[in-house]
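Student: could you work out the structure for the sequence below:
(one chain, ligands or ions: 1)
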Amino acid sequence: MSAPVLFFVDELAEGVSAEQRFHQADPDAPHINVMDLSVTRGDGIFETAGAQHGILMAIDAHLARFAHSAAMLDLPKPRLDVWQAAIEAAVAAHEPADLLSAKFIMTRGIEGTGVPVGWVYVFEGDEHDGEREHGISAVTLDRGYRHDVAKTSPWLLQGAKTLSYAVNKAVLREAARRGADDVIFISSDGFVLEGPTSSVILLIDGRFVTPSTDQGILAGTTQADAFAVLESLGHETEYREVAADELGRVDGLWMLSSTRCAAPVRELDGHAVPIAREITDQLNDALLVRTK
Ligand SMILES: Cc1ncc(COP(=O)(O)O)c(C=O)c1O
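Tutor: Modelled structure (predicted):
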């Protein structure tokens, strides 16, 4: 495994001035203050973009979602030009690799300062070839919020990509206890939402459907790219509310995220789900070479 690369972003938000825009740092050295609000409260935002052969994937969409998360958390507006330059520099500083993950983080900073802290960490992530090839098993779990939570209770930050991912990790342990690899969240009123680190696409009634993103879920960058691929192949796509019982009659089901691309679900809640092999391969062939 090659060495990760760390860049701190100095001029990371509008109104926060710094002498330089970003700088490289030792990824093995301690850097974060114990009173940083990301450490003490999980208070901050992040994104993970894929970089294939040194080229960042869907970076505009990741930066837009980063800014959206910042706005939802009332964080200072990130200077996206500086972030993009820092991310590109960090990827370029990494030893060449087929697939890298570029994780970028902005925290609310050290308690009492009001000055955010930000960095980019580039590393070789896990392999996902097996998942793409053989599929995954998933279970549905209740997220405990209604599908309209983003409208009724925006302070719950559903739909922001915050650093508070303890729940997203806990549900994977629950999945493992149930003998499965991953989770599809269902709203408390019975609508399909997303995975803890992925978006969901269903093939149902001859069209490709994903839950509309006004239901307190993330707008998936990979799902958006997948829809563009499917449309270019002449398929119909749709964003809409998806009732949980529709999962029982799909002709294909995928969980998608930036470095995983499209992993077909082969089993859901103990029942076999058909793997649409040809379309899965077409999707991954396209997602694994798309550059923007
Ligand atoms: C909750 C959640 N939904 C969806 C996604 C998929 O987003 P993307 O395709 O942009 O990686 C992620 C990615 O980590 C996620 O954490």
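Student: domain-wise, how is the chain divided?
Tutor: Following automatic domain parsing, one gets these domains for the chain: 5-123, 129-287.
Student: CSV for those domains, including mean neighbour count?
Tutor: Every C-beta, even on glycine, is put in place using the N, C-alpha and C of the backbone. As requested, the domains of the chain are arranged in CSV below (neighbours: other Cβ atoms under 10 Å):
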stretch, mean neighbour count
domain 5-123, 18
domain 129-287, 18
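Student: so can I have a markdown table of those domains showing mean pLDDT?
Tutor: Formatted as a markdown table, the domains of the chain follow (pLDDT from 0 to 100):
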| stretch | mean pLDDT |
| --- | --- |
| domain 5-123 | 96 |
| domain 129-287 | 98 |
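Student: and those domains: which comes nearest the ligand?
Tutor: domain 129-287 (3.2 Å; Cβ to the nearest ligand atom).
Student: what about the closest one, distance to the chain center?
Tutor: Computed by Cα atoms, centre = their mean, to the nearest Å, the separation of domain 129-287 from the middle of its chain amounts to 11 Å.
Student: what about it, start to end distance?
Tutor: This stretch, domain 129-287, spans 13 Å end to end (Cα to Cα, to the nearest Å).
Student: turn the domains of the chain into CSV, including distance to the ligand.
Tutor: Output for these, formatted as CSV (distance: least, Cβ to the nearest ligand atom, whole Å):
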stretch, distance to the ligand
domain 5-123, 6
domain 129-287, 3
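Student: which residues of the stretch 51-200 of the chain fall in helices?
Tutor: 59-72, 80-93, 129-134, 149-152, 166-177 (DSSP state H, counting those that start in this stretch).
Student: packing partners of the first one?
Tutor: Going back to what we said before, that points to helix 59-72. The contact analysis (3 or more Cβ pairs under 8 Å, 6 or more residues apart in numbering; DSSP states H and E) places helix 59-72 against strand 44-52, helix 80-93, strand 99-107, helix 221-232.
Student: check which helices and strands the third one sits against.
Tutor: Translated: strand 99-107. helix 37-41, strand 44-52, helix 59-72, helix 80-93, strand 117-123.
Student: got phi/psi on the nearest residue to G216 once chain neighbours are set aside?
Tutor: Spatial nearest neighbour of G216, chain neighbours left out: Q158 (3.1 Å); criterion: Cβ to Cβ, 6 or more residues apart in numbering. Per-residue torsions, Q158: phi -70, psi 130 (degrees, to the nearest 10).
Student: and G252, by the same measure?
Tutor: phi 180, psi 150.
Student: what separates it from R207, distance-wise?
Tutor: 11 Å (Cβ to Cβ, to the nearest Å).
Student: go on, L99?
Tutor: In terms of Cβ to Cβ, L99 sits 30 Å off from R207.
Student: who's the closest spatial neighbour of G190, skipping the chain neighbours?
Tutor: A244 is the one closest to G190 (Cβ to Cβ, 6+ apart), at 4.9 Å.
Student: thinking again about what came up before, reformat the helices of the stretch 51-200 of the chain as TSV; add distance to G195.
Tutor: Shown next, in TSV, are these (distance: least, Cβ to Cβ, whole Å):
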stretch	distance to G195
helix 59-72	16
helix 80-93	24
helix 129-134	12
helix 149-152	17
helix 166-177	9
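Student: ok, L268 - contacts?
Tutor: 137-140, 184, 247, 253 (Cβ atoms under 8 Å, 6 or more residues apart in numbering).
Student: nice, that's everything, thank you.
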